[in-house]
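Visitor: predicted model follows, preceded by the sequence.
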Amino acid sequence: MQQANAAGYNAVWAPLDPARRANLNVTAMWDFFKANEGFQYGTFNMLWGWVDTVKNNYPCVPPNFEACLLWEHLEILFPLGANLAPPVAQLFQPAWNKRLGTTGLTATEMYMYAETQLNMSSSVIPTIVEQDSWRYNTTRYGKPAVGRSMVCCVFVCGMWKAGGLFGNDT
């Protein structure tokens, strides 16, 4: 904790109660860690832990943060950004393709697929929950690999899940 505080990190120490700690499978947790160590941070699905509703959960913009983005704005901005700067596509297209069960579609193609094949509004795509089983083309230790895309809280919950902290609730 002292190192985290000295580095300016926002860290919370929340020790487990003795009963849960006694039942924790630390070996399984280490196995989970080793299986996922070195993968690129969860940029493929990072936004979808934030922008995860059809309305009222989109970023608000400066200078006073009173005006907030709407799906109608993002519906245009995502494909535009991907066309102007192709690396932008990596922030959303792999995750959206997973959510639709497709591969390699562009934003515009996914909008059309959702509307015509799934009878789903394109605004629903970001609300589809990430599945633990999904694997992404990513990197591990800087080399191409296939693996999960996890942000820090998902990684920690994965460790807890592997250790049996949630019991049969997973």
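Guide: On my side now, so go ahead. Numbers count the residues shown, from 1 in each chain.
Visitor: end to end on stretch 61-79, go ahead and measure it.
Guide: 20 Å (C-alpha to C-alpha, to the nearest Å).
Visitor: what residues of it count as buried?
Guide: By neighbour count on 16 or more other C-beta atoms under 10 Å, the buried set for stretch 61-79 is 71, 74-75, 78-79. The way it works is simple: take the backbone N, C-alpha and C, and place the C-beta from them, glycine included.
Visitor: next one: stretch 144-164
Guide: Using 16+ other C-beta under 10 Å as the test for burial, stretch 144-164 gives 147-151, 154-155, 158-164.
Visitor: show me where pLDDT drops low in the chain?
Guide: Filtered on pLDDT under 70, the chain yields the residue ranges 170.
Visitor: once you drop chain neighbours, what's closest to the residue nearest in space to the middle of it?
Guide: The centroid of the chain falls nearest to Asn45 when counting by C-alpha atoms, centre = their mean (3.0 Å). Leaving out its chain neighbours, the residue that sits closest to Asn45 by C-beta to C-beta, 6 or more residues apart in numbering is Ala95, at 4.5 Å.
Visitor: ok, then the element right after the helix or strand that contains the one you found?
Guide: Using DSSP states H and E, Ala95 maps to helix 93-100. Using DSSP H and E, the helix or strand that follows helix 93-100 towards the C-terminus is helix 107-117.
Visitor: who does that following helix touch, helix- and strand-wise?
Guide: If you count contacts as 3 or more C-beta pairs under 8 Å, 6 or more residues apart in numbering; DSSP states H and E, helix 107-117 packs onto helix 71-84, helix 93-100.
Visitor: got the contact list for that helix?
Guide: 75, 78-79, 82, 89, 92-93, 96-97, 100, 102, 105, 120-122, 124-125 (C-beta atoms under 8 Å, 6 or more residues apart in numbering).
Visitor: apply 10 Å and report the result again.
Guide: 74-83, 88-89, 92-93, 96-97, 99-102, 105-106, 120-125, 128 (C-beta atoms under 10 Å, 6 or more residues apart in numbering).
Visitor: same check, this time on stretch 41-49
Guide: Outside stretch 41-49, the residues within contact range by C-beta under 10 Å, 6+ apart are 59, 74, 78, 90-99, 125-130, 134, 136-138, 148-155.
Visitor: and with 7 Å instead?
Guide: The contact list for stretch 41-49 (C-beta atoms under 7 Å, 6 or more residues apart in numbering) reads 90-92, 94-95, 126, 130, 136, 149-151, 154.
Visitor: next one: stretch 128-139
Guide: 39-40, 44-45, 48, 94, 98-99, 145-149.
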